[in-house]
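# let me see the structure of the following:
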Amino acid sequence: MRKSLVALAVLTVGGVASAQSSVTMFGVVDAAVSGFSNKSETPLGTSVTTSSTRLTNSSLTPSRLGFRGVEDLGGGLAAGFWLESSLGNDDGTIGGNVANSGPAVIGFFNRRSTVSLSGTFGEVRLGRDFTPTYLNDTIFDPMGAAGVGASIIYNANGGFSTASPGGFTANQMYARASNSIGYFLPSGLGGFYGQVLYAFNEKTSYDPGTLTPPGAAGFIANPSAAGDNARAGRYIGGRVGYAKGPVDVALAYGQSTLASNFFAGTTQTLDIWNLGGSWDFGVVKLFGEYSNNKLKNDSSSSVVNSVTNPFAFREPGANGWLLGGTVPVGPGLIRFSYSTIKYDNTTRINQLTGLFAEPKADKWALGYVHNLSKRTALYATIARINNSDGAGLAVGGPNFYTTPITVNGVRFTPQASSSTGYDFGLRHVF
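The predicted model follows:
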């Protein structure tokens, strides 16, 4: 049950005191026994399986602890704040990475930390918030992008998977972006809604640019170095949709800057656009989504581009889609989904020859939620991913075994084949 702490705090800044009228504390505690089995195979059919059974969290609804408040400023204006942290209730940890790029930085309020001003004009938020493209991935997934059943689109973008053929898991701004300014349209637009989000990378710029680390001499000495990454960590995106009655549909776009090199004149970005929708028929609610990812390496110099990419190779991409639904049954809810993803242009050799099939994977998931009350539920979910042609996505658990092994005197490297998992858990909302 949400706790309202009335007239809780008196804040003093610079000798001036102001009273906070109310603060709401809220949260979710979700724990499950989860099992994982990830199988790799050699071309001759020899298999190696890694498996584990764990106590996990956030398998139905992400565990969290949060505080939020709103102050009525009069004249239709309101100021608010929202501070929310991930909970690792299975082992007592809290928080998570808040860095947009580079080494991980563990922050307490990693899920959301915003201050806002709202009125008839809409809402402006400042801080760390969800990205528009991720909202489509979670809202239009019957599994809510949580647990072993989360859609394969989520897996391909980094959820429970450490690598993917297109390198998309390197995007630390897939779900949230720090240092952002967001704007949301006001309600009362006949069902239409929308938002835009811009996140600063907060990197240092140099004038003259030749002083940008590691300097011209450093770049010449090691041109393959990661570069200054002065543009990395920037995000820009938006989302527009329509929700009225049983229908909800939304289109979103986002661009994340992953890396840059001033002296090479190159910038790497990941562009994502997706379209999702749902229709509630009462006896069943159907969900669907299409997602397109494109990794781009742009050069400010045609000379550099002609040297680094003389054959005009296309950049890696991925296309994924999902179909699923939920069926209410008494106090419970049946959930199901099927999702698939196919990678494109993952190797330049294949672009030249076309001899090999591109990596692809598909996933099915089935679950049941039994509500003991409005705030407490038991749940069970099973899911399976089938990988082929170099895809390596998993429902979670240990990494696939990819160390070379010897079979009948011949050395082979096992490739990811399938991943199976289950969650049996308990969730409580307060």
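
# for the stretch 101-250 of the chain, give me the ranges with low pLDDT.
Scanning the stretch 101-250 of the chain with the threshold set as pLDDT under 70 gives 161-163, 166-167, 216-217, 219-220, 223-228.

# just the helices in it please.
Assigned by DSSP state H, counting those that start in this stretch, the stretch 101-250 of the chain shows helices spanning 132-139, 152-156, 215-221.

# which one of those lies closest to Arg239?
helix 132-139 (3.5 Å; Cβ to Cβ). All C-beta atoms are positioned from the backbone trio N, CA, C, and that covers glycine.

# in the sheet, who's paired with Trp279?
Counting by DSSP bridges, Trp279 is bridged to Val247, Leu286.

# let me redo that: Ser388
Going by DSSP bridges, Ser388 forms beta bridges with Lys360.

# and the gap between it and Ala361?
The spacing between Ser388 and Ala361, counted by Cβ to Cβ, to the nearest Å, is 7 Å.

# what do you get for Ser291?
14 Å.

# then Ser278?
In this structure, Ser278 and Ala361 are separated by 24 Å, where distance is defined by Cβ to Cβ.

# between those two, which one's more packed in?
Relative neighbour count places Ala361 above the other of Ser278 and Ala361, with 29 against 22, counting by other Cβ atoms under 10 Å.

# which residues touch the nearest residue to the more buried one once chain neighbours are set aside?
In space, not counting the residues next to it along the chain, Ala361 is nearest to Ala391; the distance is 4.1 Å by Cβ to Cβ, 6 or more residues apart in numbering. Taking Cβ atoms under 8 Å, 6 or more residues apart in numbering as the contact definition, Ala391 lies against 164-165, 341, 343, 359-361, 416.

# now Gly80
For Gly80, the contacting residues are 68-71, 115-118, by Cβ under 8 Å, 6+ apart.

# one more time with 6 Å, if that's ok
Taking Cβ atoms under 6 Å, 6 or more residues apart in numbering as the definition of contact, the neighbours of Gly80 are 70, 116.

# wasn't it part of a strand?
Yes: when classified by DSSP: H, G, I helix; E, B strand; the rest coil, Gly80 is found to be part of a strand.

# and the end-to-end length of stretch 406-424?
Between the opening and closing residues of stretch 406-424 we find a distance of 38 Å, counting by Cα to Cα, to the nearest Å.

# buried stuff in that stretch?
Residues of stretch 406-424 classed as buried: 414-423 (neighbour count, 16 or more other Cβ atoms under 10 Å).

# mean confidence (pLDDT) on the helix or strand where Val28 lies, please.
For Val28, the element it lies in under DSSP states H and E is strand 16-41. Per-region confidence: strand 16-41 scores 85 on mean pLDDT.

# buried stuff in the helix or strand just after that strand?
Scanning forward in sequence from strand 16-41, with DSSP H and E defining helices and strands, the next element found is strand 47-57. Of the residues in strand 47-57, 48-50, 56-57 count as buried by neighbour count, 16+ other Cβ under 10 Å.

# what angle separates strand 47-57 from strand 16-41?
Computed with axes from the mean of the first three to the mean of the last three Cα atoms, to 10 degrees, the direction of strand 47-57 lies at 160 degrees from that of strand 16-41.

# make residue 1 into 9 and carry on from there
Yes, from this point I'll number from 9; that puts the last item at strand 55-65.

# direction included, what does strand 55-65 pair up with?
Strand pairing for strand 55-65, determined by DSSP bridges: strand 24-49 (antiparallel).

# and the strand it pairs with, which residues are buried?
31, 35-40, 42-49.

# and for stretch 237-246?
Within stretch 237-246, the residues that qualify as buried by neighbour count (16+ other Cβ under 10 Å) are 237-246.

# from the residues you listed, which single one is nearest Gly217?
Ala238 (9.0 Å).

# report the contact partners of that closest one.
For Ala238, the contacting residues are 211, 268, 270, by Cβ under 6 Å, 6+ apart.

# could you dump these into a markdown table with neighbour count added?
What follows is those, written out as a markdown table (neighbours: other Cβ atoms under 10 Å):
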| residue | neighbour count |
| --- | --- |
| Lys211 | 18 |
| Ser268 | 24 |
| Phe270 | 24 |
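
# now these as TSV including distance to Ile161?
Formatted as TSV, the contacts of Ala238 follow (distance: Cβ to Cβ, whole Å):
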residue	distance to Ile161
Lys211	30
Ser268	27
Phe270	33
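
# where do the strands sit along the stretch 109-258 of the chain?
Remark: strands assigned in the stretch 109-258 of the chain by DSSP state E, counting those that start in this stretch are 114-115, 120-127, 130-138, 184-192, 200-207, 243-252, 255-269.

# mind checking those for the one nearest to Thr146?
Each of those was checked against Thr146 via Cβ to Cβ, and the shortest separation belongs to strand 130-138, namely 8.4 Å.

# center of this protein, which residue is that?
To find the centre residue of the chain, average its C-alpha atoms and take the closest one (Cα atoms, centre = their mean): that gives Ala183, at 3.5 Å.

# quick one: that one from Phe408, how far?
For Ala183 relative to Phe408 (Cβ to Cβ), the value is 23 Å.

# and what of Ser94?
For Ser94, the distance to Phe408 under the criterion Cβ to Cβ works out to 26 Å.

# which one's more surrounded, these two?
When Ser94 and Phe408 are compared on other Cβ under 10 Å, the one with more neighbours turns out to be Phe408, at 25 against 21.

# list the contacts for that one?
With contacts defined as Cβ under 6 Å, 6+ apart, the neighbours of Phe408 are 46, 48, 400, 424.

# residue contacts, the first one?
Contact criterion Cβ under 6 Å, 6+ apart gives 58, 402, 405, 408, 427 as the residues in contact with Asn46.

# which pLDDT value belongs to the closest residue to the first one other than its chain neighbours?
Nearest-residue entry for Thr58: Pro406, 4.2 Å, with adjacent residues in sequence omitted and distances by Cβ to Cβ, 6+ apart. Residue-level confidence at Pro406 comes out at 93, pLDDT.
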